[in-house]
Every structure is written in C-alpha cells, then in structure tokens.
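Engineer: sequence plus the predicted model coming up.
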Amino acid sequence: MFTAALTSGLVLGGMYALIAMGLTLQYGVARIMNLAHGELMIAAAFAALWLFTSAAVNPLLGLLIIVPAAFAISGTIYRLLLTPLVRRAPNRDALEVDSILATFGMLFVIQGIMLVMFGGAYFSYSFLAFPVTIAGATVAANRLLALAFAAVIGLALYLYLTRTRLGTAVRAVAVDPQSAPLVAIDVRATAALAFAFGGALVAAAGVLVSMFLTFNANIGVVFTMKALIVVIMGGVGNLLGCLVAGLILGLAETFVATFVDPGLTLATTYALFLIILLVRPQGLFGTASR
Amino acid sequence: MKPLLMLAAGAIAVAILATVPLYANGYQLSLAITLLNYTVLATAWTLFSGPTRYVSLATVAFFGIGAYTVAVLAERMAWPWILLIALAVGVAVALIVGLSTLRLSDVYFVIFTFGLAELIRQIVTWYEVNVTRTLGRYIFVGIDAADIYWQLLALAVLVFAAGILIRRSRLGLALRVIGDDETVARHIGINTTIAKVALFALSAAFMTLCGAVMAPRWTYIDPAIAFNPVISFQVLIMALLGGVHRLYGPLFGVVPLVLLFEFLLARFPNHFSILVGLAFMLIVYAIPQGIVGFVERLLRRKGAAA
C-alpha cells in the first residue's frame, strides 16, 4: 500500500508540476495571474476524450494536435484580450489586479461553454489501463506513461529555457522587464510567447491527466488553485521549485488520501500552503527580494 | 448642514424601504430580498477591497459559514445567539486568513481567498459525512420572508454606517494610503497589517451575518448550496460595475445586475455562467472605474470644458 501510494503520488505530483510550470511562466514572465488556467487544462482533457471516443485517436497522438492548438489559442487570448490590459496598466500591481479580474471572467465563460457541451457529469475513458508491476508496486500503464511524458516535457522546457537564445530572453524578462529592452529583447513579444507556452504546457497536462483521472467541467478551478499554491511554494518563476513543490503536494495528498481520508486532500494542500506562508513566504527556492 | 441633510435623506429612504413587505406580493418581496442581500455583500466587499485594492474572491466562504452555522444550530437556541455564534466563526476564519496572508504581498491573499470557499466546503462535507453522517440539513425556524427582509435592511444600514464611520476615522485614511502605495504607508508609520486585517475581519463579519440571515430562505441546505462560488463572482462583478472607490458605488451595480441575472436565469438557465462571464469581462474592459467612476469623470470633463 505504501509503494502504491508512493507511485500514484509521484504521478499526481508530476502532473501538478507540469500545470504549475505553465502557470509560473505566465505569471513570472507575462505577469498575468491566470485564474482560467485550469479551465484550459480541462478543455484539453475533453478534447482528448472526444478525439479518443469519436475519432479513435490515441491520446498520445492527440497531444500532437491539442498542444499546438492550445499554444495558438493561448497566444491569441494574450494578443486579443490581455494586451489591452498590459497597455492600460500604469504599473505591475495594476496589471495583476486587472488580469485577475479578466481571467476570472474567462474562467466562468470557458467553464460555462464546457458545461453546455458536456454537462456536469464525470467523464473518463479507458486507455492502456492494464496493470504493470514495478519494484513490487502495481501501477496502471497509463499513469506510468503520463509520468514519463510529463518528465520529458518538463525536461524539454528546462533545456529550452536554459540552452536557447529565446529561452534566455524569456528568463531575462522574468528577472527584470525594465532592463530587458536594453539588450534588444522585445518584452511584449516574449511575454506573449511565455503565455502561449504556459497554455501549451497546461494543455499537455490536461491530455495526460485525462488518461487516468475522471474529470468534469467544474474541476478546473481546483487544479488552478493547486497550481497557484505550487507556484508560490516553489517560488514565483522557478521551474525547479515547481517540480519539487508539485511532487511534495502530489505525495502529501496521496498519502493523506490513502492513510487518513480522501475527503481531506484539499485541506492537506491548504495546510502546506499555510506552513509555507508562515515559515518561508518567498517559496522554497525563491529569493526574498520580491 | 450637508451631512445632516444626507442623514435625513438616508433615514427617510430606509423608512420607505422598511414598508415594502407590507404591500409587496411574494415575488416582489423575494426580489427585494435578493437586492438587499447583494447590496449588503457587495458593500461589505467594497468596505475592504475598495480602499485597499486587494481583490477578495472569498465572499461566499463567509456567506456560507453564516448560512451553514444557522443550518447546524437552528432550533437548538434562540435566534440572536445563533447570529452571534455565526459571527464569531466568520470573524475567526477571517482573522486566520488575514493574519497569514495580509502581512505578505497581495498575490498570496488572492490565491488564498480563491480556494477558501472550496476548502471550507470540503471540510464541512468531510465532517458531515464522517462525523455526523448526515449530508444536508433542513432549516425550520419561525422566520418568514418579511423578517428576513427587515433583518437585511438593518444589516445594510449597519454596513453603510460602518463604512461612513471608517472613512472618517484614522483607519480609513490609513487604508486609502495603503491602497495608493503600501510601501509609503509603512514608511510613514502605519501598521499596515493591523489595518488590513481589522477591515477584512469587519467586512467578513457582515458577509457572515448576511449568510446567516439569508439561511432560512432555503428550507434545505447542503455545503454545495451554501458555498456556491457563483455568489462570490456575482458580488465581485456587481461591486466593480458600480464602482469601488465610493461606498455607495456598488448599489449602482447591484440593482441593474440583479435584474439582469434574474432575467438571464429565467430565459437562458443553461448559458447563465457564459453570459455572466461575458458581462463581467465587458465591465473589466469597458468601464474599469465602474459606473460611478465613469459618471464622475464625465462630470469632471464637462466642468473643465465649461
């Protein structure tokens, strides 16, 4: 039971990390606190479900369709809906408040559209649901595959940000948006890119999650909340922090659900959040300069 | 002279409003109750979020605490005691949230309030399922719609009185400085944490009482009804439409939006959340200062031109 909890905790934590990485890109670089983040994830999960059940497209192939689509949609959302806010905001705090409000509205719009299309029922589909035994623990193959894909995507993102020119520009904007133009970085284009990448990441997470979790149209908010908490725990803009904090959260939740009570997972999340706020408000890997 | 005149006008308005249950029919009274409910909630929201500019997404957490406390305690003790206990629970939660997040940056506060209602809903559900083994409760108290209306009216008067008194006090000035620039506020010796937490607790107290007063409207209540996130959303959008930099601002958002929502819910029940979301985004983009701010700016421009 312990190893089972450990493996499913790691899988869940990997998903949280992936979702939070998307959010930390959007918040750390584009300065948009995206409260509709989880809705995009659930939309991707529904897209994967639809592709699998009606067009018999394997969700892993579905990734190839859904992730670029999410990239384009997020980029468009940033261009059309968030750029006006960026232009209008006199400073970072004002942009933060405006973006919270605007994406809060988007949350209800996207959620409403999904409710109209799919209703409030829970959905799942069976893809590679056969058991695999690893180190004495039995895991469903789809979970294992999801974790592997999350690891590959996370690693690719890390390499992209640390090893390429564009990635370096993204990090530069995250560190200091005022100075970035001095070294010929187009801050607005970079922010749009980071926002679109965030959307692509969360869509990938949505597809992966849909392979092994049941989901419904209302559940996106919960994922947004957990992603926000992971971002704060890891330190804003810190990818490694996201990974560690995501895994901690996933493991803590799974262990509480297994050994205490499944009804208390959110309470666990909040307890962790409270501890971080009280002990280390800048996050596990953040610096105190904010 | 002018404040006295305003006071008299306010008193007359309240006296007129107090007579509504005497001649209104069932539907009109229920609409009036909805209007007053959102007036109290949106004004209480503005009390804290207006001057400080901290966006609280937790309105329904406190509203639900109030409503659920009534559901648990109904028939066990006298009504005033129930209200008092609900108030104590709501304020205690507000203090915990405030003390742990408001000494930090505002992002932490937003994130915490974003999930607070869901957290409390899950804990209450867990408690009811595992400890009391009854999910969902019936509320039978001898309180009819007219009583609820009068209590809400009293609550509305209290919210406005509190708002006016705070605005004139040192606390109100401190909060406006915090809203303009928190670093400056700290440097001129304002204890920003205490000011913010105190006001957040006060605002939460009104929301809690409002939920407690409204609880008998439902005869059956469960955590999903009491902690419905749409309420937080609606309060936020009403306050923003009206304008949050004036105490009376939310009123101008509450009246049109309650009527609009009533219409939308009746005509397009399935598309309600999409339409409300769109209305909300329209407000954020088109009139960020709210109706009151918009009108004030128009008047100022006219004054400058003349």
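Structural biologist: Now that the structure is in, tell me what you want to look at. Please read these numbers as outputs of a predicted model, since none were measured by experiment. Numbers count the residues shown, from 1 in each chain, chains lettered A, B, ... in the order given.

Engineer: and the helices in the stretch 51-200 of chain A?
Structural biologist: A:59-77, A:83-88, A:92-118, A:141-163, A:165-175, A:187-210 (DSSP state H, counting those that start in this stretch).

Engineer: most tightly surrounded among those helices?
Structural biologist: helix A:187-210 (a mean of 26; mean count of other C-beta atoms under 10 Å in any protein chain shown). The C-beta positions use only the backbone N, C-alpha and C, and glycine is treated the same way.

Engineer: who's the closest spatial neighbour of residue 110, skipping the chain neighbours?
Structural biologist: Assuming you mean chain A. What sits nearest to A:Ile110 in space, not counting adjacent residues and going by C-beta to C-beta, 6 or more residues apart in numbering or on different chains, is A:Glu39, at 4.0 Å.

Engineer: actually, chain B is the one I wanted.
Structural biologist: B:Val55 (5.5 Å).

Engineer: give me the neighbour count for the one you found.
Structural biologist: Under the neighbour criterion other C-beta atoms under 10 Å in any protein chain shown, B:Val55 is assigned a count of 22.

Engineer: wait, doesn't it sit right on A:Asp98?
Structural biologist: No. In this structure, B:Val55 is not within contact of A:Asp98 by C-beta atoms under 8 Å, at 9.9 Å.

Engineer: hmm, back to that, could you redo the helices of the stretch 51-200 of chain A as JSON lines and give each row mean pLDDT?
Structural biologist: Output for those, formatted as JSON lines (pLDDT from 0 to 100):
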{"stretch": "helix A:59-77", "mean pLDDT": "89"}
{"stretch": "helix A:83-88", "mean pLDDT": "84"}
{"stretch": "helix A:92-118", "mean pLDDT": "86"}
{"stretch": "helix A:141-163", "mean pLDDT": "86"}
{"stretch": "helix A:165-175", "mean pLDDT": "84"}
{"stretch": "helix A:187-210", "mean pLDDT": "90"}
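
Engineer: for B:Pro229, find the nearest of those helices.
Structural biologist: With C-beta to C-beta as the criterion, B:Pro229 lies closest to helix A:92-118 of these, at 9.2 Å.

Engineer: show me what that closest one is packed against.
Structural biologist: helix A:37-55, helix A:83-88, helix A:220-234, helix B:106-127, helix B:229-242, helix B:272-286 (3 or more C-beta pairs under 8 Å, 6 or more residues apart in numbering or on different chains; DSSP states H and E).

Engineer: now that helix against helix A:220-234, angle please.
Structural biologist: 150 degrees (axes from the mean of the first three to the mean of the last three C-alpha atoms, to 10 degrees).

Engineer: how far does helix A:92-118 sit from the chain's center?
Structural biologist: Here helix A:92-118 is found 16 Å from its chain centre; the criterion is C-alpha atoms, centre = their mean, to the nearest Å.

Engineer: if we can go back for a sec, can I assume the residue nearest to A:Ile110 is in contact with A:Met114?
Structural biologist: Yes. Between A:Glu39 and A:Met114 there is a contact under C-beta under 8 Å: 7.4 Å.

Engineer: so what's the residue count around B:Pro80?
Structural biologist: 8.

Engineer: and it, what element?
Structural biologist: Here B:Pro80 sits within helix B:79-101, counting by DSSP states H and E.

Engineer: for residue 46, give me its contacts.
Structural biologist: Just going to use chain A. A:Met114, A:Met117, A:Phe118, A:Phe123, A:Ser210, A:Phe215, A:Ala217 (C-beta atoms under 8 Å, 6 or more residues apart in numbering or on different chains).

Engineer: could you do chain B instead?
Structural biologist: B:Gly163, B:Ala239, B:Val244, B:Leu247, B:Gly249, B:Pro250.

Engineer: may I see the buried residues of the strand or helix carrying A:Phe273?
Structural biologist: Element membership for A:Phe273, per DSSP H and E: helix A:265-279. Judged by neighbour count (16 or more other C-beta atoms under 10 Å in any protein chain shown), helix A:265-279 contains these buried residues: A:Thr265, A:Leu266, A:Ala267, A:Thr268, A:Thr269, A:Tyr270, A:Leu272, A:Phe273, A:Ile276, A:Leu277.

Engineer: give me the buried positions along stretch A:251-268.
Structural biologist: Those would be A:251-258, A:263-268, for stretch A:251-268 by 16+ other C-beta under 10 Å.

Engineer: for the residue nearest to B:Val110, give me the backbone phi and psi.
Structural biologist: phi -80, psi 110 (degrees, to the nearest 10).

Engineer: confidence score at it?
Structural biologist: The model reports B:Val55 with a pLDDT of 85.

Engineer: which residues touch residue 81?
Structural biologist: Here I'm looking at chain A. By C-beta under 8 Å, 6+ apart, A:Leu81 lies in contact with A:Ala102, A:Met106, B:Met281.

Engineer: my bad, the chain I had in mind was chain B
Structural biologist: By C-beta under 8 Å, 6+ apart, the residues touching B:Trp81 are B:Leu73.

Engineer: quick one: it from A:Thr258, how far?
Structural biologist: 41 Å (C-beta to C-beta, to the nearest Å).

Engineer: now A:Phe118
Structural biologist: Distance from A:Phe118 to A:Thr258, by C-beta to C-beta: 30 Å.

Engineer: next, count neighbours for A:Leu82.
Structural biologist: 25.

Engineer: could you do A:Phe2 as well?
Structural biologist: 11.

Engineer: could you say what helices and strands the helix or strand that contains A:Met21 packs with?
Structural biologist: Per DSSP H and E, A:Met21 falls inside helix A:2-28. Helices and strands touching helix A:2-28, by 3+ C-beta pairs under 8 Å, 6+ apart, are helix A:37-55, strand A:137-140, helix A:141-163, helix A:187-210, helix A:220-234, helix A:239-259.

Engineer: so the third one versus helix A:59-77, what angle?
Structural biologist: Direction vectors for helix A:141-163 and helix A:59-77, defined by the same axes, to 10 degrees, enclose an angle of 40 degrees.

Engineer: now the fifth one
Structural biologist: Computed with the same axes, to 10 degrees, the direction of helix A:220-234 lies at 80 degrees from that of helix A:59-77.

Engineer: next, the angle from helix A:220-234 to helix A:239-259.
Structural biologist: Going by the same axes, to 10 degrees, helix A:220-234 makes 120 degrees with helix A:239-259.

Engineer: for the stretch 101-250 of chain A, which residues are neighbours of chain B?
Structural biologist: A:101-102, A:104-113, A:115-116, A:221-222, A:224-225, A:228-229, A:232 (C-beta under 8 Å from any C-beta of the partner chain).

Engineer: could you look up the SS state of A:Leu284?
Structural biologist: coil (DSSP: H, G, I helix; E, B strand; the rest coil).

Engineer: from A:Val244, how far out is it?
Structural biologist: Taking C-beta to C-beta as the criterion, A:Leu284 is separated from A:Val244 by 6 Å.

Engineer: between those two, which contacts overlap?
Structural biologist: A:Gly234.

Engineer: number of nearby residues for the residue nearest to B:Gly26 when sequence neighbours are not counted?
Structural biologist: Distances taken as C-beta to C-beta, 6+ apart put B:Ala145 closest to B:Gly26, at 7.5 Å, once the chain neighbours are dropped. For B:Ala145, the neighbour count with other C-beta under 10 Å is 16.

Engineer: got a pLDDT number for B:Ala145?
Structural biologist: pLDDT, B:Ala145: 83.

Engineer: center of chain B, which residue is that?
Structural biologist: B:Leu41 (1.8 Å; C-alpha atoms, centre = their mean).
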